[in-house]
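A.B. asks: Got a predicted structure here, sequence first:
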Amino acid sequence: MGDTKNFVLFAVLSLAILLGYQTFYAGPKMEAARMEAAEARTEQATEEALAPREIAPEDATTAEVVEHETVLEDAGSVRIVTPELEGSLSLRGARFDDLQLVKHKVTMADDSPNVRLLSPAGTPDAYYARFGWSASGQNPDSVPTDKSIWSADGDTLTPSNPVTLSWENGEGLRFLMKIEVDKEFMFTITQSVENTTDSTLQMAPYGLISRHGKPKTAGLYILHEGPLGVFNGTLEEKKYDDLEDDGNFEVSSTGGWMGITDKYWMTTLIPAQDAELSRARFVRRAPKGGEESYRVDYVENWQTLAAGGSLENTTRFYAGAKIVGTIDDYQQKYDIALFDRTIDWGWFYWLTRPIFKGLHYLFNLTGNYGVAILLMTVILKLVLFPLANKSYVSMSHMKKAQPKIKKLQERYKEDRQKLQQEMMALYKKEKINPMAGCLPILIQIPIFFALYKVLYVTIEMRHQPFFGWIKDLSAPDPLTPVNAFGLIPWDPPAFMAIGILPILMGLSMWLQQKLNPQSAAMDPTQQKIMSFLPLIFTFIMAPFSAGLVLYWTWNNILSIGQQWVIMRREDARTDDSSKAKA
């Protein structure tokens with residue numbers, strides 16, 4: 001039984017270490033990085049474009065991506081208006097460089113601005129996307145560049161009103177770009193080039209996303225933020241620090257997709273899924289004395305543009321919130337491989353996805369994600385009841401057997417091998433499973449982390465209220481007795497801001513601990529550590545999302561009730577059996 005308690009202690013402390021990492025190390029580190037980034041933010045921004053080097057087709061099979069730096073005057077724009085998005089497309093370079101999410105606010109304050117996803121070059125944290133063509137063996141200015149000024153056949157792009165841009169090089173090449181947008185977050189870009197010259201050319205379509213400045217990230221191992229993509233059916237993820245430490249990433253692929261993801265938002269390039277990409281890259285650029293930038297780009301294979309002929313290419317561009325249902329619909333509609341991995345479901349994908357679907361279904365029934373969490377916890381308890389029943393029955397028998405175990409320990413304290421043999425015989429006689437207490441904990445750990453993932457990474461949980469003071473289940477409990485529940489005008493530091501829910505969780509852990517039988521084999525040091533765990537976890541869980549603490553508290557309460565009923569039933573059975581024998 002001592003080994004069993006050691007194993008349980010190891011599992012619990014391992015979980016405590018993992019959770020404590022965020023609170024006492026990653027959290028302060030993230031806050032320091034935020035402050036540093038805010039102080040170092042600069043007004044300087046650069047513009048970069050894709051342009052070909054003069055390479056003959058026989059010398060290379062791919063178009064080359066090179067960079068320009070320029071800041072140019074505004075050349076006009078096309079307004080973008082959809083139920084989800086609002087912004088504009090710059091006619092200088094045909095850049096998607098101004099986009100806000102009209103249904104998502106930065107904070108829950110009434111006067112909070114909309115979340116800004118894309119920003120023009122020349123502004124802080126510039127972030128934009130471009131599409132175009134490379135031409136082999138031609139003057140770079142023979143194709144549209146970042147400097148080119150396009151013409152548009154309309155001034156507003158809506159789901160019912162596509163816009164076509166056009167540009168001519170004056171030497172017999174005419175470029176068209178038809179842009180469509182749906183009611184959510186997907187743009188469809190159909191590029192074509194017409195050749196009225198008497199020469200045969202080699203052309204290659206490309207797409208790029210450029211982001212200036214190093215974005216502020218949570219810096220947690222449980223969440224990927226940065227470049228990612230699927231190439232040849234394999235997911236590739238690179239954090240910003242990975243590109244800094246390991247260098248740029250480059251691959252060729254058939255189809256796939258690539259982009260830059262934040263916690264709740266993303267931009268993604270989606271070429272035709274049968275397109276041959278000669279090069280797809282994640283690039284970090286850090287000019288001496290300048291602002292670092294990150295770029296995701298791809299170039300398709302060279303295509304022959306005959307004299308008097310034309311070429312056409314279609315790609316898609318996702319820019320918006322990472323809504324699970326929307327992403328799943330796009331994955332199915334356009335057959336985009338592993339597109340749902342734009343949301344970081346983690347190693348427990350097989351468990352995280354079903355938990356999210358269950359919560360979302362219960363939310364649709366109740367209209368409250370907090371209630372959905374309570375109901376989901378009850379369902380999980382029912383599913384795991386057979387295992388819990390065996391565990392609590394065994395614990396009840398263990399409690400009854402404690403005096404016998406202590407006698408055996410005193411009798412065979414000099415012969416450990418004999419003690420183990422007698423203990424195993426006693427376990428068999430009393431129907432005690434030494435591992436029964438560990439199994440519920442082992443099963444709850446992946447469930448806990450899967451639920452933690454759901455609450456932390458899915459935008460559906462963002463700004464979702466419960467009842468009373470809990471206005472956002474994805475944020476920590478804001479009500480703390482440290483400042484007299486807000487009556488004292490003082491914001492305590494994170495390690496002191498212990499909310500009501502974490503306190504209730506700690507109390508529920510303490511009550512549950514009191515119901516568990518203490519092993520006679522556990523040494524005093526172990527007993528002290530176990531007795532302090534409720535207090536330790538109260539502090540560890542305080543900075544976590546209120547939804548997660550709500551789950552743990554409610555799970556503890558249900559476990560207490562379940563354990564009390566089962567152990568009382570077993571006590572009654574034991575008493576009846578003793579009376580019958582008498």
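C.D. replies: Cool, got the structure.
A.B. asks: So which residues of the stretch 1-150 of the chain form helices?
C.D. replies: 2-21, 27-40 (DSSP state H, counting those that start in this stretch).
A.B. asks: which stretch in those has the least confidence?
C.D. replies: Note on the helices of the stretch 1-150 of the chain: helix 27-40 shows the lowest mean pLDDT, a mean of 40.
A.B. asks: Quick check: pLDDT value at Asp329.
C.D. replies: Value for Asp329, per-residue pLDDT: 97.
A.B. asks: Please identify the helix or strand for it.
C.D. replies: Assigned by DSSP states H and E, Asp329 falls within helix 324-334.
A.B. asks: For the helix or strand following that helix, enumerate the helices and strands it packs against.
C.D. replies: Using DSSP H and E, the helix or strand that follows helix 324-334 in sequence is helix 349-366. Helices and strands touching helix 349-366, as assessed by 3 or more CB pairs under 8 Å, 6 or more residues apart in numbering; DSSP states H and E, comprise helix 324-334, helix 369-383, helix 438-457. Just so you know, the C-beta spots here come from the backbone N, C-alpha and C atoms, and that holds for glycine as well.
A.B. asks: Listing request: residues of the chain with sub-threshold pLDDT.
C.D. replies: 1-73, 433-441, 483-487, 494-495, 516-524, 570-582 (pLDDT under 70).
A.B. asks: Please repeat the previous calculation with a cut-off of 50.
C.D. replies: Within the chain, the stretches with pLDDT under 50 are 1-11, 14, 17-18, 21-62, 65-70, 520.
A.B. asks: Okay, domains of it per the record?
C.D. replies: Domains of the chain are assigned by automatic domain parsing as 2-24+354-396+435-575, 44-344.
A.B. asks: and the ones you listed as JSON lines, adding mean neighbour count?
C.D. replies: Converted to JSON lines, the domains of the chain look like this (neighbours: other CB atoms under 10 Å):
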{"stretch": "domain 2-24+354-396+435-575", "mean neighbour count": "17"}
{"stretch": "domain 44-344", "mean neighbour count": "18"}
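A.B. asks: Tell me which of those domains sits nearest to Ile405.
C.D. replies: Across the domains of the chain, Ile405 has its closest neighbour in domain 2-24+354-396+435-575 (5.1 Å, CB to CB).
A.B. asks: which SS class is the residue nearest to Asn161 when sequence neighbours are not counted?
C.D. replies: With sequence-adjacent residues excluded and distances taken as CB to CB, 6 or more residues apart in numbering, Asn161 is closest to Gly154, at 6.4 Å. Classification of Gly154 by DSSP: H, G, I helix; E, B strand; the rest coil places it in coil.
A.B. asks: ok, Gly154 - contacts?
C.D. replies: Listed by CB atoms under 8 Å, 6 or more residues apart in numbering, the contact partners of Gly154 are Val78, Asn161, Val163, Thr164.
A.B. asks: Kindly present the domains of the chain as TSV, with separate columns for distance to Pro403.
C.D. replies: Below are the domains of the chain laid out as TSV (distance: least, CB to CB, whole Å):
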stretch	distance to Pro403
domain 2-24+354-396+435-575	9
domain 44-344	46
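A.B. asks: surely Leu550 meets Ser474?
C.D. replies: No. The criterion here is CB atoms under 8 Å, and Leu550 misses it with Ser474 at 11.5 Å.
A.B. asks: follow-up on the earlier one: how much space between the residue nearest to Asn161 and Leu165?
C.D. replies: When distance is defined by CB to CB, to the nearest Å, Gly154 is 10 Å away from Leu165.
A.B. asks: shared neighbours of those two, which are they?
C.D. replies: Both Gly154 and Leu165 are contacted by Val78, under the criterion CB under 8 Å, 6+ apart.
A.B. asks: how about Gln191, phi and psi?
C.D. replies: Dihedral pair for Gln191: phi -100, psi 140, per degrees, to the nearest 10.
A.B. asks: Ok, the one 5 residues further on next?
C.D. replies: Dihedral pair for Thr196: phi -100, psi 10, per degrees, to the nearest 10.
A.B. asks: now Leu501, what's its secondary structure?
C.D. replies: helix.
A.B. asks: got the contact list for it?
C.D. replies: So Leu501 contacts Ile470, Asp477, Ala546, Val549, Leu550, Thr553 (CB under 8 Å, 6+ apart).
A.B. asks: cutoff 6 Å now
C.D. replies: Applying CB atoms under 6 Å, 6 or more residues apart in numbering, we find Leu501 in contact with Asp477, Ala546, Val549.
A.B. asks: Which of the three states applies to the first one?
C.D. replies: When classified by three-state DSSP, Asp477 comes out as coil.
A.B. asks: which residues touch it?
C.D. replies: Asp477 touches Gly499, Ile500, Leu501, Ala546, counting by CB under 6 Å, 6+ apart.
A.B. asks: Those residues into JSON lines, with extra columns for distance to Met203?
C.D. replies: What follows is those, written out as JSON lines (distance: CB to CB, whole Å):
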{"residue": "Gly499", "distance to Met203": "60"}
{"residue": "Ile500", "distance to Met203": "64"}
{"residue": "Leu501", "distance to Met203": "60"}
{"residue": "Ala546", "distance to Met203": "54"}
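A.B. asks: ok, of those, which one's closest to Pro144?
C.D. replies: Closest approach to Pro144 among the contacts of Asp477 (CB to CB): Ala546, at 50.0 Å.
A.B. asks: I'd guessed the closest one sits against Asp472; true?
C.D. replies: No. Between Ala546 and Asp472 there is no contact under CB atoms under 6 Å: 7.2 Å.
A.B. asks: is it possible to export the contacts of Leu501 to JSON lines including distance to Gly229?
C.D. replies: Below are these laid out as JSON lines (distance: CB to CB, whole Å):
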{"residue": "Asp477", "distance to Gly229": "37"}
{"residue": "Ala546", "distance to Gly229": "34"}
{"residue": "Val549", "distance to Gly229": "35"}
